[in-house]
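# need coordinates for the below:
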Amino acid sequence: MGGLSDSLRRLSEQRLPYWNEKIRFVDKRLQASPSFHDGFLQKLEKSVEDWVKSYDEAVAAAGERKKVFKTSSGFTVKPLYTPLDVKWLDYTLDLGFPGQHPFTRGIYTTMHRGRLWTMRQFAGFGAPEDTNKRFRFLLEHGETGLSVAFDMPTLYGYDPDNPRSEGEVGKCGVSVATVKDMEIVFHGIPLDKVSVSMTINAPAAVLLAMLIVVAEKQGVPTHMLSGTTQTDILKEFIAQKEWAFTPEAHLRIIRDMMGFCIKNMPRWHFISISGYHIREAGATALQELAFTLMDGFTYVDLGVSSGMNVDSFAPQFSFFFNSTINFFEEIAKFRAARKLWATVLKEFYGAENPRSLTLRFHTQTSGASLTWQQPLNNIVRTAIEALAAVLGGTQSLHTNSYDEAWALPTEQAVLVALRTQQIIAEETGVADTIDPLAGSYYVEWLTEQMVEGALKYFQKIDELGGMLAAIEAGYPQREIHEAAYRTQLAIESGEEVLVGVNKYTIPEEQPIRYLAVDESVAKKQVERLQQVKRERDNERVRKALENLRKAFEREDVNVMPYILEAVKSYASLEEIMNVGREVFGTWREPVII
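Below you'll find the predicted structure:
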């Protein structure tokens, strides 16, 4: 497997001169002023100087609210932005038009005027029956796409009867051990009419195979399935820490999923490159942007190094970002992400298909911003974060429920979260014009700060040998830890205000009603798994797992058909994953200091 690491390192070395040139280009361009007549700027400079004097006098007399005004990424925020701050702005080069390169203003020509974003609430808990009921509830109330949350054992690739699963079955998502469970999750839900997103990574290939089998039983051809498997294992090593094998082994399986989906599932996004978990781990907005896109370039490298043309697989990439309470910085982040992805895919990788250049992304409001104290305040936080995602041009959106700092959300809380999106969509008018904050001196300046800062991170990571080498050295993990530590210190000192937590507190609060998962779920899931094992053809299972082992051992074999056969034989998730553990081994993270 060492050949894959070597290939990725060589591609990172080839990319490094490109970053160096882009940074020089940006630095040089920031000194230019193509958008404004020099005479106008000279007059404006004098006016701004006069205003700054009056501002300084006012501050000297009355002070300011804070000692320093900064974004989460550390960008110092001035009191006023003018054309002087964006004098380098070239409309065609930097902004363009919606649906046209560099896609800063949106990836579709009509954006939300033509079609609203998909309202895709992340849901799943308990037994498969519980999740099926929640999905039906959401669809009945206007949800337009499904997003499956799996429990901790499923995320790691363990069955509910494994001792490691004790106390976790059905707690943070739905328990799925075999394709029988998946059949129940989607019972009565037509998979040819509803797109499905599955937040699953280490065992993504297995869960995708389960969905394919369920669709076949519904009479839905594989090529008709639409949706996403998250599959982004790099961010697991960086932030979420739910892996099963070595990084190289996971990348090999992702390569095989890529090849399988290109041929058989043209409407399926086989990977959703995820910044959300990176941000939740404590990263800044800039770090989320930079590490997520660098993960994306690594997956492009994976396809290219396997002999695929970039335009054959990049159209089936998607992304997943966080939206936090720092309103303008989030909008700038989304705009910068589109611009950077389109530019690099076109200039460095030579992509020609416009769909390869368009960064399609799902957004979830910030779980880390939710507070246990005064939980109804979370409704306001989520609404502001959702508004930033919409103004930033998201393609789909999950709004968190106000009670999620306490437990899994109740039906009432879920409905409020969904209605938040519907009110933004139907009542505010923000979706009536495209990219309405374009041209704001502050937003355009901040977008460019994001671009420039991300390029410097790209350069640093490729100096280390690429993202895989950087992860193995602990670089992105260390950056996130340091950012999280700084944030926590700011909260504890009161420098960063959390309403209801370190300011405007209520000494004795009344607890809210919250959802508790029935403790009998684990017993029920173990009994179902045992029943499946009794009733299945165990000789077929044995042969399927042995053939899968042989496929894992051969680098030149695509493992997806073998995983599909194992799933069809009713092999369990853990049985399939254990074959991989035996062949590939696992990985130990470096100590982060």
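
# residues in contact with the most far-flung residue of the chain relative to its centre?
Residue farthest from the centre of the chain, counting by C-alpha atoms, centre = their mean, is A61 at 45.9 Å. Residues near A61 by C-beta atoms under 8 Å, 6 or more residues apart in numbering: none. In short, each C-beta sits where N, CA and C put it, glycine included.

# quick check: which element contains it?
helix 38-62 (DSSP states H and E).

# sheet partners, orientation included, of whichever strand in the chain runs longest?
Longest strand in the chain, counting residues (DSSP state E): strand 317-323. Counting by DSSP bridges, the strands paired with strand 317-323 are strand 271-274 (parallel), strand 361-365 (parallel).

# I'd say L139 and V196 touch.
No - judged on C-beta atoms under 8 Å, L139 makes no contact with V196 at a distance of 11.8 Å.

# between these two, which contacts overlap?
L146.

# how about the strands of this protein, start to end?
118-119, 122-123, 146-148, 196-198, 227-229, 268-269, 271-274, 317-323, 361-365, 396-398.

# follow-up on the earlier one: more neighbours, L139 and V196?
V196 (23 against 15; other C-beta atoms under 10 Å).

# do you know how far that one is from S226?
According to C-beta to C-beta, to the nearest Å, V196 and S226 sit 8 Å apart.

# next one: K550
Distance of K550 to S226, given as C-beta to C-beta: 32 Å.

# what bridges to M198?
With DSSP bridges as the rule, M198 is bridged to V148, T229.

# OK, contacts around it?
By C-beta under 8 Å, 6+ apart, the neighbours of M198 are 147-148, 150, 204, 207-208, 211, 227-230.

# got a pLDDT number for it?
Note for M198: predicted pLDDT of 96.

# do the same with the one 5 residues further on
Looking at P203, its pLDDT reads 98.

# next, count neighbours for the closest residue to it other than its chain neighbours.
Closest residue to P203 apart from its sequence neighbours, by C-beta to C-beta, 6 or more residues apart in numbering: G157 at 4.3 Å. By other C-beta under 10 Å, the residues close to G157 number 26.

# G157 against L573, yeah?
Yes - counting by C-beta under 8 Å, G157 touches L573, with 5.9 Å between them.

# who touches both of those two?
Joint contacts of G157 and L573 (C-beta under 8 Å, 6+ apart) are 203, 206.

# could you measure from K66 over to T76?
For K66, the distance to T76 (C-beta to C-beta) stands at 11 Å.

# re the thing from before, which of K550 and S226 has more residues huddled nearby?
Ranked by neighbour count (other C-beta under 10 Å), K550 and S226 place S226 first, with 18 against 13.

# ramachandran coordinates for that one?
Torsion angles at S226 (phi, psi; degrees, to the nearest 10) stand at phi -130, psi 140.

# let me see the contact set for it.
With C-beta under 8 Å, 6+ apart, S226 has these contacts: 195-196, 267-268.

# can we see that at 6 Å?
By C-beta atoms under 6 Å, 6 or more residues apart in numbering, the contact list for S226 reads 195, 267.

# state the distance from E288 to T363.
12 Å.

# ok, K523 next?
Taken as C-beta to C-beta, the span from K523 to T363 is 37 Å.

# which parts of the stretch 401-550 of the chain are helices?
Assigned by DSSP state H, counting those that start in this stretch, the helices in the stretch 401-550 of the chain fall at 411-427, 441-463, 467-473, 475-493, 520-535, 538-553.

# backbone phi and psi for T71, please?
Torsion angles, degrees, to the nearest 10, at T71: phi -80, psi 180.

# how about the nearest residue to it, chain neighbours excluded?
Per C-beta to C-beta, 6+ apart, closest to T71 is E329, 4.5 Å.

# go on, Y514?
Nearest to Y514 is A407, by C-beta to C-beta, 6+ apart, at 4.1 Å.
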